[in-house]
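*Asks:* Here you go, sequence then predicted model.
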Amino acid sequence: MSESSNQASKAEVQTTPLNKLPVPGADDVEISAEEVAEAFENAESANDSQQE
């Protein structure tokens, strides 16, 4: 049986970026409570300065 030329080889499939396993922690977007509080305070002070 001959191999079809329109199919990717195993090596080609494994090196395709979309076929790579995700790296644990690479897409974490968690922020701390302190960062949330700081952002909230900055937003409040920005709103106060705009209203004056």
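*Replies:* On my side now, so go ahead.

*Asks:* D28 and N42, how far apart?
*Replies:* According to CB to CB, to the nearest Å, D28 and N42 sit 23 Å apart. For glycine as for every other residue, the C-beta is placed from the backbone atoms N, C-alpha and C.

*Asks:* neighbour-wise, which of the two wins?
*Replies:* N42 (10 against 7; other CB atoms under 10 Å).

*Asks:* quick one: the helices in the chain?
*Replies:* Counting by DSSP state H, the chain has helices at residues 10-14, 33-51.

*Asks:* where among those is the average confidence lowest?
*Replies:* Lowest mean pLDDT within the helices of the chain: helix 33-51, at a mean of 82.

*Asks:* Distance to P24 added to the helices of the chain, as JSON lines?
*Replies:* Listed next are these as JSON lines, based on distance: least, CB to CB, whole Å:
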{"stretch": "helix 10-14", "distance to P24": "19"}
{"stretch": "helix 33-51", "distance to P24": "22"}
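
*Asks:* Out of the ones you listed, the one nearest L21 is which?
*Replies:* For L21, the closest of these is helix 10-14, at 10.4 Å, according to CB to CB.

*Asks:* who's in contact with the closest one?
*Replies:* N19 (CB atoms under 8 Å, 6 or more residues apart in numbering).

*Asks:* So which residue is smack in the middle of this structure?
*Replies:* Centroid-nearest residue in the chain, with CA atoms, centre = their mean: D27, separated by 4.1 Å.

*Asks:* Might you report the residue contacts of it?
*Replies:* Counting by CB under 8 Å, 6+ apart, D27 has no contacts.

*Asks:* circling back: quick check: which of the helices of the chain is nearest to V23?
*Replies:* Once the helices of the chain are compared by CB to CB, helix 10-14 is nearest, at 15.6 Å.
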